[in-house]
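Novice: what follows is a predicted protein model with its sequence.
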Amino acid sequence: MVDRNAYGKRGYLNEDFRLFHIRDKNNKEISGHYHEFHKIVLFLAGNASYVIEGRRYILEPGDFVLVGRGQVHWPEFGSSGICERIVLYISSEFLRRYADDSFNPESCFDPDFSGGNVIRFSSPLSKRMQDKIVELESALNDENWPGKELLCSCMLMQFITQLFRYAGAEGTQEVLTELFDEKIAAVLKFINDNIDEPLTIAELADRFYISKYHMMRKFRDATGNSIHSYISDRRLMQARDLICSGVAATEACYKCGFRDYSAFARAYKKLFGTSPKGIGSLPLSSSFKD
């Protein structure tokens, strides 16, 4: 069995987006993890499910898996047969360039907006959406020529815009999910809705009428992570967004629920590989693609 406690951040993205087409006999178990970027998986063939923030989605060919930055997840592949999927890594910064008062591309990765982390389109909409990804892959694999980068960016945003338009609307089908634990799902939602507020395990246990130790064990089962680490990583990611937008590191520290700057700075450097006052990023690690 995989050690779900081997939780952590996987992969780095220095580009606007990157696409992988993976076809393998992947029967290894993968631990719970998260990314600093958004991820879309077009599942093409095989036997697999995806666990995202405490919910297991049973996949069918043609499904689009939407994993938002910071969402703890892991794939579960069948023990035999070939599994084929197209995986897109997309940076938040890229999507934010196209946001305005009426359109926020990142909202596609919010399960409350899209009706879940997996979208299953009905025919013929399913084929049209898959074709857009295949066309993007073809363009990216073409030799370099003037305007290629701009065209590929436009193709990706056309696809994202269609996702925004159709998510949770007519033309989509219900996807079978399994909930690890109803209360843990509620705990996760409460944490994410109040990430910049004081949050303690004792207060969460009291709020949801569950013993501390039972809640901690169930939370780890559902996310692969401890409650403390989950909250800390979410706050650090929020702080990084603030710092990148021009907020001073000390101000970001306290705005995101940290009470001690030195502890914040140590945790920040451990997670991101740089100090809060030295914004930088690491190169993409392409050795891990799920």
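Specialist: All right, it came through fine.
Novice: okay, now the unreliable bits of the chain?
Specialist: Applying pLDDT under 70 to the chain picks out residues 1-12, 26-28, 168-174, 176, 178-180, 278-290.
Novice: could you break it into its assigned domains?
Specialist: Per automatic domain parsing, the structural domains of the chain span 8-177, 182-272.
Novice: I'd like those as a markdown table, with mean neighbour count appended.
Specialist: Every C-beta, even on glycine, is put in place using the N, C-alpha and C of the backbone. Output for the domains of the chain, formatted as a markdown table (neighbours: other CB atoms under 10 Å):
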| stretch | mean neighbour count |
| --- | --- |
| domain 8-177 | 17 |
| domain 182-272 | 17 |
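Novice: contacting residues for A48?
Specialist: L59, P75, E76, F77, G78, C83, R85 (CB atoms under 8 Å, 6 or more residues apart in numbering).
Novice: now with 7 Å, please.
Specialist: L59, P75, E76, F77, G78, C83 (CB atoms under 7 Å, 6 or more residues apart in numbering).
Novice: which of these lies closest to Q158?
Specialist: L59 (24.3 Å; CB to CB).
Novice: what's that closest one sitting at in phi/psi?
Specialist: phi -90, psi 150 (degrees, to the nearest 10).
Novice: what distance do you get for it to F264?
Specialist: 38 Å (CB to CB, to the nearest Å).
Novice: who does the residue nearest to V41 when sequence neighbours are not counted form a beta bridge with?
Specialist: Nearest residue to V41 in three dimensions, chain neighbours excluded: V65, at 3.9 Å (CB to CB, 6 or more residues apart in numbering). Assessed by DSSP bridges, V65 has beta-bridge partners V41, V118.
Novice: one step back: which of the contacts of A48 lies closest to H38?
Specialist: P75 (16.0 Å).
Novice: surely that closest one is in a helix?
Specialist: No - applying DSSP: H, G, I helix; E, B strand; the rest coil, one finds P75 to be strand, outside a helix.
Novice: contacting residues around I133?
Specialist: L42, I86, F159.
Novice: doesn't the second one belong to a helix?
Specialist: No - assessed by three-state DSSP, I86 does not belong to a helix; its assignment is strand.
Novice: and it, how far from R128?
Specialist: For I86 relative to R128 (CB to CB), the value is 15 Å.
Novice: alpha carbons of the particular helix or strand that has K127 in it, as PDB, please.
Specialist: Per DSSP states H and E, K127 falls inside helix 125-141. Only the C-alpha atoms of helix 125-141 are listed here, as PDB (Å, rounded to 0.1, in the frame of the first residue of the first chain):
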ATOM      1  CA  LEU A 125     -20.200  18.400 -27.100                       C
ATOM      2  CA  SER A 126     -17.800  15.800 -25.700                       C
ATOM      3  CA  LYS A 127     -16.100  15.300 -29.000                       C
ATOM      4  CA  ARG A 128     -15.900  19.000 -29.700                       C
ATOM      5  CA  MET A 129     -14.100  19.700 -26.300                       C
ATOM      6  CA  GLN A 130     -11.700  16.700 -26.800                       C
ATOM      7  CA  ASP A 131     -10.900  17.900 -30.300                       C
ATOM      8  CA  LYS A 132      -9.900  21.300 -28.900                       C
ATOM      9  CA  ILE A 133      -7.300  19.700 -26.700                       C
ATOM     10  CA  VAL A 134      -6.000  17.400 -29.500                       C
ATOM     11  CA  GLU A 135      -5.700  20.500 -31.800                       C
ATOM     12  CA  LEU A 136      -3.700  22.300 -29.100                       C
ATOM     13  CA  GLU A 137      -1.400  19.300 -28.700                       C
ATOM     14  CA  SER A 138      -0.800  19.200 -32.500                       C
ATOM     15  CA  ALA A 139       0.000  22.900 -32.600                       C
ATOM     16  CA  LEU A 140       2.400  22.700 -29.600                       C
ATOM     17  CA  ASN A 141       4.200  19.700 -31.300                       C
END
